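Peer 1: Fold the following and give me the result.
(4 chains)
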Number of protein chains: 4
Amino acid sequence: MVRPLAAQDREQWQHLYDGYHRFYDRPDLPQDFFDAVFDRLAADRPDDFHGLVAEEDGRLLGLTHYVFHPHMWFPEGVCYLQDLFTADQARGRGVARALIEGVYAAADAAGRPRVYWLTQEFNYAGRTLYDRVGVRTPFIRYNRPL
Amino acid sequence: MVRPLAAQDREQWQHLYDGYHRFYDRPDLPQDFFDAVFDRLAADRPDDFHGLVAEEDGRLLGLTHYVFHPHMWFPEGVCYLQDLFTADQARGRGVARALIEGVYAAADAAGRPRVYWLTQEFNYAGRTLYDRVGVRTPFIRYNRPL
Amino acid sequence: MVRPLAAQDREQWQHLYDGYHRFYDRPDLPQDFFDAVFDRLAADRPDDFHGLVAEEDGRLLGLTHYVFHPHMWFPEGVCYLQDLFTADQARGRGVARALIEGVYAAADAAGRPRVYWLTQEFNYAGRTLYDRVGVRTPFIRYNRPL
Amino acid sequence: MVRPLAAQDREQWQHLYDGYHRFYDRPDLPQDFFDAVFDRLAADRPDDFHGLVAEEDGRLLGLTHYVFHPHMWFPEGVCYLQDLFTADQARGRGVARALIEGVYAAADAAGRPRVYWLTQEFNYAGRTLYDRVGVRTPFIRYNRPL
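Peer 2: Numbers count the residues shown, from 1 in each chain, chains lettered A, B, ... in the order given. Down below sits the predicted model:
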């Protein structure tokens, strides 16, 4: 079951989100980081990130965080799905797909149906799913060097 | 000279921005589109797009539009440089570079120095510049199919 | 066990190689095609393709075909690994890796240790292995339009 | 004028081919390398590399080297265009296009019309041309680590 993140998810959410950051080689994030981010998600402000979780029998199997931001060409704005993670023990069961579809539904409900996300070119496991639920574009990301 | 977009740029701005959309095969956008977008830029609201233009002797040579949006990992948010265009007759003179550096300066002034943009993998002319002023990442974009 | 293709492999080899072509959406190749290719492999001429197969208890689990060709910069020539295929029922058991390593050994024995291959950017399953046994280069392939 | 490399091109050919290797950050190749390669090209053996040059008023403006090698699926074999280079002072004049078309003609004459080449993803100048005379494929190259 995919549902909005709730206050009682605090502990399990951190466990999942820490796993997500470890996947991207960012271990040992400080507790302050998780506290601040969860507060933002819990506030559920229209212009900040929202969270969805996949739950089964009280256990969180995955999470996603998305935000609406303005877009020049689409006056209603667009939806950026930034974080997506499935617990190791829940892989291959459709959790990530259900979470993406949950974001699609939330975007529809908000009247901003255009959803996009970025992924590393070599995220093969992710892309196997993304090719099914999304469309690869030829756009690549450049960052300012900092 | 790179400076913020101003009310008196209305006409020249539209000419440039129309050229930008033609580059991406979106000709014949309605006047309403340009009116609405310019109004947003002119309002210069903190949570919507801002514009910079490159001017020389009263003529606009290029434009860029950027927006700050929230980011999960960086609490101050990030800066998304969405549109960038140089007039055909001003190519090769450093206009695009000056505009990107203008966005960098604006992002610094806003305390949100992380700037990124997306470009088509085969935008060779653009990427020749981007490789100098930015860092290519391995991230590619997926869209929800609509 | 990885070993050179032999005459008695004729039937099982065709079954595998047909599966390979079906993977690339080339079903229903004529019998003549398989006859001609097998004859070339069986001839094992120095300047044409060679075959290796992975066998277990008399059953073929996978195949690979490779050829040595001249190279401008390396006078000894290079080894092009063109075809690689594992039977569906033998996936995940290291067959493809063993075949690639078999080609490495054959290339070493021939004094032409430089081995390369091409794969589709979206061959995620293949690339998961290739990233372990090979090095991705930034080279992409262009074809003459025919 | 594009024509086969000839014995009298020896000196100018080396100057060009050295420029090609400098482009790929391989400066200071030994004289032995150039001697050996030119001998191979001059021999013009069916199974080794062939050279074409673009000449104008006795000056060489560019070169290309190509080879035919076996292919599993096309019994007649294929043509690999490995090296392509235009002198700095001759850029933008269609030299590279003429050389590629020269290889196409040579491949047709040899009854092996399938021509391909590899290029670095970020070779923007080259790809601007290749997109016109060729077709980008989704194939990327992996090398054995040595």
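Peer 1: Tell me where chain A has strands.
Peer 2: Assigned by DSSP state E, the strands in chain A fall at A:2-4, A:50-56, A:59-69, A:78-86, A:115-120, A:135-143.
Peer 1: Burial check on the closest residue to residue A:80 other than its chain neighbours, number of neighbours?
Peer 2: Excluding the flanking residues, the one nearest residue A:80 by CB to CB, 6 or more residues apart in numbering or on different chains is residue A:67, at 5.4 Å. C-betas here are computed from N, CA, C, even on glycine. For residue A:67, the count of nearby residues is 22 (other CB atoms under 10 Å in any protein chain shown).
Peer 1: thought residue A:67 was touching residue A:51?
Peer 2: No: counting by CB atoms under 8 Å, residue A:67 stays clear of residue A:51, with 10.4 Å between them.
Peer 1: I'd like to check which residues are in contact with the residue lying closest to residue A:142 once chain neighbours are set aside.
Peer 2: Spatially, and ignoring its direct neighbours in sequence, residue A:142 is nearest to residue B:134 (3.9 Å; CB to CB, 6+ apart). Each residue near residue B:134 by CB atoms under 8 Å, 6 or more residues apart in numbering or on different chains is listed here: A:142, A:143, A:144, A:145, B:100, B:117.
Peer 1: The last one contacts residue B:83, correct?
Peer 2: Think residue B:117. No: Residue B:117 lies out of contact with residue B:83 (CB under 8 Å); the separation is 9.2 Å.
Peer 1: could you list every residue that touches the residue nearest to residue A:80?
Peer 2: For residue A:67, the contacting residues are A:47, A:48, A:49, A:50, A:79, A:80, A:82, B:69, B:70, by CB under 8 Å, 6+ apart.
Peer 1: Just the buried ones from those?
Peer 2: Among these, those classed as buried by neighbour count (16 or more other CB atoms under 10 Å in any protein chain shown) are A:48, A:49, A:50, A:79, A:80, B:69, B:70.
Peer 1: distance of the third one from residue A:71?
Peer 2: Here the criterion is CB to CB, to the nearest Å. By it, residue A:50 lies 17 Å from residue A:71.
Peer 1: what's the answer for the first one, then?
Peer 2: Noted for residue A:48: a distance of 17 Å to residue A:71, by CB to CB.
Peer 1: hang on, the earlier thing: more neighbours: which of residue B:117 and residue B:83?
Peer 2: Ranked by neighbour count (other CB under 10 Å), residue B:117 and residue B:83 place residue B:117 first, with 23 against 20.
Peer 1: how close does the more buried one sit to residue A:70?
Peer 2: Separation of residue B:117 from residue A:70 (CB to CB): 15 Å.
Peer 1: ok, residue A:136 touching residue B:144?
Peer 2: No: judged on CB under 8 Å, residue A:136 makes no contact with residue B:144 at a distance of 11.9 Å.
Peer 1: And these two? Which one has more around it.
Peer 2: A count of neighbours by other CB under 10 Å puts residue B:144 above the other of residue A:136 and residue B:144, at 21 against 16.
Peer 1: List the residues that contact the more buried one.
Peer 2: By CB under 8 Å, 6+ apart, the residues touching residue B:144 are A:104, A:107, A:113, A:114, A:115, A:116, A:133, A:134, A:135.
Peer 1: okay, now the third one: neighbour count?
Peer 2: Think residue A:113. Neighbour count for residue A:113, taken as other CB under 10 Å: 17.
Peer 1: surely it meets residue B:145?
Peer 2: No: counting by CB under 8 Å, residue A:113 stays clear of residue B:145, with 10.8 Å between them.
Peer 1: okay, now the one residue in chain A that gets nearest to chain C: neighbour count?
Peer 2: Closest residue of chain A to chain C, CB to the nearest CB: residue A:124 (3.5 Å). Residue A:124: 16 surrounding residues under other CB under 10 Å.
Peer 1: Also residue A:78?
Peer 2: Residue A:78 has 20 neighbouring residues, counting by other CB under 10 Å.
Peer 1: before we move on, what about the one 10 residues further on?
Peer 2: The tally of other residues near residue A:88 (other CB under 10 Å) stands at 8.
Peer 1: does residue A:51 really touch residue A:60, like I thought?
Peer 2: No: counting by CB under 8 Å, residue A:60 is not a contact partner of residue A:51; they are 10.6 Å apart.
Peer 1: Quick check: residues of chain A near chain C?
Peer 2: A:121, A:122, A:124, A:125, A:127, A:128, A:131 (CB under 8 Å from any CB of the partner chain).
Peer 1: Show the pLDDT at the residue lying closest to the second one once chain neighbours are set aside.
Peer 2: What it means is residue A:122. Spatially, and ignoring its direct neighbours in sequence, residue A:122 is nearest to residue B:138 (6.4 Å; CB to CB, 6+ apart). Residue B:138 carries a pLDDT value of 97.
Peer 1: who's in contact with residue B:138?
Peer 2: A:120, A:121, A:122.
Peer 1: Am I right that the second one is in contact with residue B:140?
Peer 2: Yes: shown here, residue A:121 and residue B:140 form a contact pair, counting by CB under 8 Å, at 5.3 Å.
Peer 1: shaky segments in chain A?
Peer 2: Chain A contains no residues with pLDDT under 70.
Peer 1: Tell me which two of the contacts of residue A:67 sit farthest apart.
Peer 2: Farthest-apart pair in the contacts of residue A:67 is A:47 and A:82; separation 14.4 Å (CB to CB).
Peer 1: hmm, back to that, could I get the residues of chain A next to chain C as a markdown table with distance to residue B:37?
Peer 2: Formatted as a markdown table, the residues of chain A next to chain C follow (distance: CB to CB, whole Å):
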| residue | distance to residue B:37 |
| --- | --- |
| A:121 | 32 |
| A:122 | 36 |
| A:124 | 39 |
| A:125 | 39 |
| A:127 | 33 |
| A:128 | 38 |
| A:131 | 33 |
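Peer 1: now, the most widely separated pair of these?
Peer 2: For those, the farthest-apart pair by CB to CB is A:122 and A:131; their separation is 14.2 Å.
Peer 1: how far does stretch A:104-118 stretch from start to finish?
Peer 2: 15 Å (CA to CA, to the nearest Å).
Peer 1: Narrow the contacts of residue B:138 to those that are buried.
Peer 2: By neighbour count, with 16+ other CB under 10 Å, the contacts of residue B:138 hold residue A:121 as buried.
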